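J.: Give me coordinates for this.
(chains A and B)
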Amino acid sequence: MNRYADIASVRELVRPDRIHRDVYLDPAVFDLEMNHLWRNAWVYVGHDSQVPSPGDYYSAQIGREPVIMVRGNDSRVRVLPNRCAHKGTRLVSAQQGKCQGGLLRCPYHGWIYRLDGTLRSVPLKGGYSEAAQAEALHGIGELTSHNYRGFVFVRLAAQGIGFQEFFGDSLTSIDNMVDRSPQGRLEVAGAALRYLHDCNWKMYVENLNDAMHPMVAHESSAGTAKRLWDSAAPAAGSPKPMVIEQFTPFVNDYDFFEKMGVRVYPNGHSYTGVNFSIHSKYSSVSEYERRMFESYGEERAKAILAEARHNTVYYPSLTIKGAIQTIRVARPLAVDKTVIESWTFRLVGAPDEMLARTATYARLINAPTSMVGHDDLHCYRAIQEGLSSANCDWVSLHRNFSAAEADAVGGTYGATNEAPMRGQYRAWIDLMTRSEGAVA
Amino acid sequence: MTSAIEFVYHEARLIDEKRFDEWHELFADDALYWMPLTRDQPIGEAHTSLFYEDKLLLKVRIERLRHPNAFSQQQPSFCQHVLQRPTVESGDADAGPCVLRTPFLYVEAQLDQQLILAGTAYHHLQGDARGWKIQMKKIELLNREAALPSIQLLL
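T.: From the prediction side, this is the model:
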């Protein structure tokens, strides 16, 4: 029997300081997430630099729905359902490509759409009555999307919360990432690392602002890197290799992680690294700083670069590291299967050294071959399996819990506080039940 | 000196037998162990890779595998290379330098999980009186666009 046939029943799964294990384990809850949460939220699709010219498209799956991000002949980037209005055939199947002749043509019966989703032509159209034409031939439609400084989001639900209202001031993390380009522009630097996680998507998202795990989970990788470098006794003043500089802060102590601070916003968003982060002490690249000073003036450039946020979670799908120009995108496939895509970005106008730093970080930390990633995923899998124990139904979110925080519009805390996770579950309930009573 | 082809078989065997210190010694001091992410990816770090490791980073990897708190390896992984016979693509396979191409299957097992990957390895070798050294090992994975699970050992 499905205990979660009624959407209202999911309210029982979340308490202010704990969550029921079924949020990670039950396929019925996952179905509800796909049908409600991932439709009501603003979900990241892609970056507009992936579709630089009219007719360029990138295909993605949002929740369970295949979509196309395409640049129209008017240069606007739109998000369309990747589904022919006729039989439902996926219109494009490649990850990315170019629409021939600036049109989308179904590979099955040749229905042709313009890049705004309207129908252009159907073979032997005379076979359809006027009523059928009015009803079925209106095209595939355009989904509700928003392009924020190059980052394209979609809200699958036709009605719902607005983009600005949903993200609010958390957008300052994207601002800082974009502002780090001397020209105020980012470009995706090639293909994404795609890491298959056999765990629930929320374990990954929760981990991004979990400041209590790095020194434990990453002792074997970052700790070994630190030990090897220290024991090599490098000559005074010899530069630290980039990989050592990137690895070693992962094993900083609890005090460091506590003091970096976490900012929690409404709707599940948050970022760690309010005061400083593991990225703050990277050696500076003088040519890059020069170009930043030139573009923004010294004072403004210094302010941009001083902001070195750790991870920002744009709940539920997008997590970014503006300070190192990487993003990770959660694409849930099943209750215990998630793809984590890691994209790297070029700061337009910055020297190549900055991209090398980004590419190195993504590979060291986020790749399927990452020594750091292996231990993170190991822990997520261990939760997925450990929670099968019927010994206890509840998962703890107690650390630094305060009953007052639920009423606050957000707050800043020591970063080891579990407030970000509690905030995510308040958003979870809200996004799951928002469309309650609405026509599906 | 053993032939370059024998050396390639030997190198895979050292990984499969987890003789990682001996394996590490096969690399020249400025060696590169590289698994690109995309097709026709130029060498360098203008694009991220699956592996792009110098000797220091390979050493970190080996040491981590032995670390008691390498949690993902408390249940250890084992691997097996199945190599097609290497072909000499260029250079002198008796005295070096030379480049060899080796299509392979790679199996990585951990308790009930088993991962099978296919690819092609390119060994850029230097030879001297003491034997062969790897200047670069480049691994082109067949399914490099795929969402891949953890790959925990070395190809």
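J.: contact partners of the helix or strand bottoming out on mean pLDDT in chain A?
T.: Among the helical and strand segments of chain A, the one scoring lowest on mean pLDDT, DSSP states H and E is helix A:130-136, with a mean of 77. Counting by Cβ atoms under 8 Å, 6 or more residues apart in numbering or on different chains, helix A:130-136 makes contact with A:85-86, A:125, A:128, all of which sit outside it. The C-beta positions use only the backbone N, C-alpha and C, and glycine is treated the same way.
J.: got it, and stretch A:288-308?
T.: Taking contacts as Cβ under 8 Å, 6+ apart, the residues outside stretch A:288-308 that touch it are A:176, A:179-180, A:182-184, A:273, A:276-277, A:279-280, A:322-323, A:347, A:349-351, A:353-354.
J.: Give me the buried positions along that stretch.
T.: Within stretch A:288-308, the residues that qualify as buried are A:288, A:291-293, A:295-296, A:301, A:304-305, A:307-308, counting by 16 or more other Cβ atoms under 10 Å in any protein chain shown.
J.: picking that back up, out of the contacts of stretch A:288-308, which are buried?
T.: Neighbour counting by 16+ other Cβ under 10 Å classes A:176, A:179-180, A:182, A:184, A:273, A:276-277, A:279-280, A:322-323, A:347, A:349-350, A:354 among those as buried.
J.: what's the most distant pair in those?
T.: With distances taken as Cβ to Cβ, the most widely separated pair in those is A:Phe276 and A:Gly349, at 25.7 Å.
J.: quick one on the thing from earlier: so of the contacts of stretch A:288-308, which ones are in strands?
T.: A:Leu347 (DSSP state E).
J.: mind checking how far the residue located most distally from the centre of chain A is from chain B?
T.: Relative to the mean C-alpha coordinate of chain A, counting by Cα atoms, centre = their mean, the farthest residue is A:Gly126 (45.8 Å). In this structure, A:Gly126 and chain B are 43 Å apart, going by Cβ to the nearest Cβ, to the nearest Å.
J.: List phi and psi for that residue.
T.: For A:Gly126, the backbone dihedrals are phi -60, psi -20 (criterion: degrees, to the nearest 10).
J.: remind me which residues of the chain are low pLDDT?
T.: All of this refers to chain A. For chain A, the stretches flagged by pLDDT under 70 are A:1, A:136, A:436-440.
J.: Just want the most central residue of it.
T.: A:Leu318 (1.3 Å).
J.: Which neighbouring elements make contact with the top strand by length along chain B?
T.: Across chain B, the longest stretch assigned as strand under DSSP E is strand B:113-128. If contacts are counted by 3 or more Cβ pairs under 8 Å, 6 or more residues apart in numbering or on different chains; DSSP states H and E, strand B:113-128 sits against helix B:4-16, strand B:98-110, strand B:131-141.
J.: So which residues make contact with stretch A:345-363?
T.: Outside of stretch A:345-363, the residues within contact range by Cβ under 8 Å, 6+ apart are A:47, A:177, A:180-183, A:185-189, A:193, A:242-243, A:246, A:282, A:285, A:287-288, A:291, A:295, A:321, A:324-327, A:342, A:344, A:369-370, B:44-52.
J.: got the CA coordinates for that stretch in CSV?
T.: Backbone C-alpha positions of stretch A:345-363 (Å, rounded to 0.1, in the frame of the first residue of the first chain) are rendered in CSV as follows:
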residue,chain,number,x,y,z
PHE,A,345,33.5,28.3,-16.6
ARG,A,346,35.9,30.7,-18.2
LEU,A,347,36.0,34.2,-16.8
VAL,A,348,35.8,36.2,-20.1
GLY,A,349,38.8,38.5,-20.2
ALA,A,350,40.8,36.7,-17.6
PRO,A,351,44.2,35.0,-18.3
ASP,A,352,44.2,31.3,-19.0
GLU,A,353,45.7,30.5,-15.7
MET,A,354,42.3,31.2,-14.1
LEU,A,355,40.7,28.5,-16.2
ALA,A,356,43.5,26.1,-15.4
ARG,A,357,42.7,26.6,-11.7
THR,A,358,39.0,26.0,-12.3
ALA,A,359,39.7,22.8,-14.4
THR,A,360,42.1,21.5,-11.8
TYR,A,361,39.6,22.0,-9.0
ALA,A,362,36.7,20.3,-10.9
ARG,A,363,38.9,17.3,-11.6
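J.: does A:Val23 count as helix, strand or coil?
T.: For A:Val23, the secondary-structure state derived from DSSP: H, G, I helix; E, B strand; the rest coil is helix.
J.: What distance do you get for it to B:Asp21?
T.: A:Val23 sits at a distance of 45 Å from B:Asp21 (criterion: Cβ to Cβ, to the nearest Å).
J.: same question, A:Glu258
T.: As for A:Glu258, its distance to B:Asp21 is 39 Å (criterion: Cβ to Cβ).
J.: same deal with A:Arg155?
T.: Note on A:Arg155: its distance to B:Asp21, by Cβ to Cβ, is 54 Å.
J.: Compare those two (neighbour count), which wins?
T.: Remark: of A:Arg155 and B:Asp21, A:Arg155 carries more neighbours, 23 against 12, as counted by other Cβ atoms under 10 Å in any protein chain shown.
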